[in-house]
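S.K.: Sharing a model that was predicted from the sequence below.
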Amino acid sequence: MVDKKGTSIKREELISTAMAIILHAGDARAKIDKALSEVKSLNLDVAKNDIEEAKKELHKAHVCQMNIISNEASGQFYEASLLFNHAQDTLMTTMSEERIISQMIDVFEIMFKKIEGGLE
């Protein structure tokens, strides 16, 4: 049932978008976890590839999120949604994890280059 303002349709859009964000962020998190395992095994090239794949998933999630934000900025109203809040939290946490693991990979690469070139 849809009221005059299309509330039901907007609710379905918000729920669908939240689930897409959670799905993509979850896929990214799995790739980040794999990257971290590869870092522990010193397989930095594989870890970097895993991080690139995670970034692609995060981008998809971010596009979903920005569609809702853009809609609100242009005057569409969405009711508060715990599910959407959870999706945003999941996305932002996963984005932070990606940034940290990416930096960790960079640090390991720098360390290995210094070791190979002789510590200065």
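M.R.: Everything's here; your move.
S.K.: F108 versus the residue nearest the centre of the chain, what's the distance?
M.R.: Nearest to the mean C-alpha position of the chain, by Cα atoms, centre = their mean, lies L58 at 3.3 Å. Per Cβ to Cβ, to the nearest Å, L58 is found 21 Å from F108. C-beta coordinates here come from the backbone N, C-alpha and C atoms, glycine included.
S.K.: Please apply the same query to H59.
M.R.: Taking Cβ to Cβ, one finds H59 at 25 Å from F108.
S.K.: now M95
M.R.: If you go by Cβ to Cβ, the gap between M95 and F108 works out to 21 Å.
S.K.: neighbour count winner among those two?
M.R.: Neighbours per residue, other Cβ atoms under 10 Å: of M95 and F108, the larger number sits with M95, 18 against 14.
S.K.: for that one, what are its contacts?
M.R.: 58, 62 (Cβ atoms under 8 Å, 6 or more residues apart in numbering).
S.K.: ok, the residue nearest to the centre of the chain touching G26?
M.R.: No. Contact status for L58 versus G26: not in contact, 10.9 Å apart, counting by Cβ atoms under 8 Å.
S.K.: what residues do those two have in common as contacts?
M.R.: Taking Cβ under 8 Å, 6+ apart as the criterion, L58 and G26 both touch T94.
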